[in-house]
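Undergrad: Here is a sequence together with a model predicted from it:
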Amino acid sequence: MALHFYERYKLKLSQPNPDDLGYVDSVSVEEIGGVRVTIVKNEEGGNSVCTVVLRGSTDSILEDLERAVDDGVNTYKCALQFYARQCVGTSTSSPGAAATEIELARKLKEFSLKETGDWISIPLQKFAESYGGVPKTLAENAGLNAMEIISSLYAEHSTGNTKVGIDLDEGVCKDGSTLNIWDLHITD
């Protein structure tokens, strides 16, 4: 088995030379959270690798932190893909600033009104309400009048302006695509 990996990955069984080891600017031992850790810094060279050390008091907190870092890295990768695909003409994003959520809420509500029978229309209406909670929460967290913003969003979307979302800087509804606000709908 060792020979298999030796051949497959072109492993070297000799002493490494300085080029194999690489170079760093500084190596130091520091105390972080009561634990001594070795810090290796390479600020001058073009770093393509990074190490993130996560610490938490319980396993569940560590798992949540790991998931958050993983989501952030995947979002960054998808953002790069988004900008690369814009040149090609395909898209991996949808209008941001709660424009997509309010449009989904509106369409689901319309669809639920067409359906007959409580067993299908009520769950659809509740699902539409849950999508409507996203722009409401966004507006409330920004200190805006949520009811006014939501009614403005519904009015804009009912006229066909489906890219209109919440401009948090000005506290009004604007076209998110002109503000360059996008949400990724894939995260690998």
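TA: Received it, and whenever you're ready, just let me know what you need.

Undergrad: Now the residue nearest the centre of the chain: which helix or strand?
TA: Centrality entry for the chain: nearest residue to the mean C-alpha point is Thr75, 4.1 Å, by Cα atoms, centre = their mean. Taking DSSP states H and E as the criterion, Thr75 maps to helix 59-88.

Undergrad: after that helix, next one along is what?
TA: strand 93-95.

Undergrad: so what strands line up beside that following strand?
TA: strand 182-184 (antiparallel) (DSSP bridges).

Undergrad: quick one on the thing from earlier: would you mind measuring from the residue nearest to the centre of the chain to Ala97?
TA: Distance, Thr75 to Ala97, by Cβ to Cβ, to the nearest Å: 17 Å. Backbone N, C-alpha and C define where each C-beta goes, glycine included.

Undergrad: what does Gly171 give?
TA: To Ala97, Gly171 is 12 Å away according to Cβ to Cβ.

Undergrad: who's more crowded, these two?
TA: Ala97 (25 against 14; other Cβ atoms under 10 Å).

Undergrad: From Asn74, how far out is the more buried one?
TA: Note on Ala97: its distance to Asn74, by Cβ to Cβ, is 21 Å.

Undergrad: again with Val40
TA: Val40 is 26 Å from Asn74, by Cβ to Cβ.

Undergrad: okay, the two: which has more neighbours?
TA: Between Val40 and Asn74, counted using other Cβ under 10 Å, Asn74 has the larger neighbour count: 14 against 11.

Undergrad: pLDDT score assigned to the more buried one?
TA: We have a pLDDT of 78 for Asn74.

Undergrad: The closest residue to Val52 other than its chain neighbours and Val40, how far apart?
TA: Nearest non-adjacent residue to Val52, counting by Cβ to Cβ, 6 or more residues apart in numbering: Val69, 6.0 Å away. Per Cβ to Cβ, Val69 is found 19 Å from Val40.
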